[in-house]
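A.B. asks: This is the structure alone, sequence omitted:
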């Protein structure tokens, strides 16, 4: 199934999901890029991503399909688990979001 077979309103649906996600308390950690001053983050995380950047890219038309949006959202969560200790409040928030 290629782009021609996808519903034309996928972008609107994705925008709605992203907006709802950002309104959750759990998303507070993920709304903006991790500060560059965070010790070791950018050494450990090679493909940084945050929900605010996903929204900006979406608004700019950078995503050709919903799978690309989902991939970047999944990257936010995997980066969180890569850098933060299991069971930390940040990892717990990622699970809740």
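C.D. replies: Yes, it's here. Since the structure is predicted, the reported quantities are computational estimates derived from the model, not experimental observations.

A.B. asks: Can you classify residue 48 as helix, strand or coil?
C.D. replies: Assigned by DSSP: H, G, I helix; E, B strand; the rest coil, the conformation of residue 48 is coil.

A.B. asks: which residues touch the lengthiest helix in the chain?
C.D. replies: The helix that spans the most residues within the chain, counting by DSSP state H, is helix 66-83. For helix 66-83, contacts defined as CB atoms under 8 Å, 6 or more residues apart in numbering pick out 6, 10, 13-14, 18, 21, 29-30, 34, 40-41, 44-45, 47-51, 53-54, 57-58, 62-63, 90-91, 94, 97. Where you see a C-beta, it was placed from the backbone N, CA and C, and this is true even at glycine.

A.B. asks: Nearest to the spatial middle of this structure, which residue is it?
C.D. replies: For the chain, residue 73 is the residue whose C-alpha lies nearest the centre (CA atoms, centre = their mean; 3.0 Å).
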